[in-house]
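1. Build me a structure from this.
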Amino acid sequence: MDIGWKIVSAGSAIAAGFLANKVLDVGWKLVTGHEPPSDDPDNPSVSLTEIVVFAAVSGAVIGISRQLAQAGAAKWYGGPVKDMSPSA
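-> This next block holds a predicted model:
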């Protein structure tokens, strides 16, 4: 496999993850008016519903951003463009 593609692919994944986390933090604050749920299990102000919703939203945002970053990196680099959808 092409080492250049591996570097570009890894870099785009890291950048996408960083950007997705920033978007999630800002978006959550705008929508809810407070900080996103943290890893602190002793925080009684965070409900289970809020944790589940945040987990679902963050998973979707990170997954979409990663796919878009990989597609953009492949287009820029000329690397492998594969069908990333799960096969039936």
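
2. now the helices for the protein?
-> Remark: helices assigned in the chain by DSSP state H are 3-32, 48-77.

3. give the contact list for the closest residue to residue 16 other than its chain neighbours.
-> Sequence neighbours aside, residue 69 is the residue nearest to residue 16 in space, at 3.5 Å (criterion: CB to CB, 6 or more residues apart in numbering). (C-beta placed from N, C-alpha, C; glycine too.) Contact partners of residue 69, counting by CB atoms under 8 Å, 6 or more residues apart in numbering, are 12, 13, 15, 16.

4. Give me the most central residue, this structure.
-> Nearest to the mean C-alpha position of the chain, counting by CA atoms, centre = their mean, stands residue 62 at 1.6 Å.

5. Next, count neighbours for the nearest residue to that residue once chain neighbours are set aside.
-> The spatially closest residue to residue 62, leaving aside those adjacent along the chain, is residue 20, at 4.6 Å (CB to CB, 6+ apart). Residue 20 has 20 neighbours, counted by other CB atoms under 10 Å.

6. How about the contacts made by residue 20?
-> By CB under 8 Å, 6+ apart, the contact list for residue 20 reads 58, 61, 62, 65, 66.

7. Is it possible to get those out as TSV so that each row also shows pLDDT?
-> Output for these, formatted as TSV (pLDDT from 0 to 100):
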residue	pLDDT
58	93
61	93
62	92
65	93
66	90
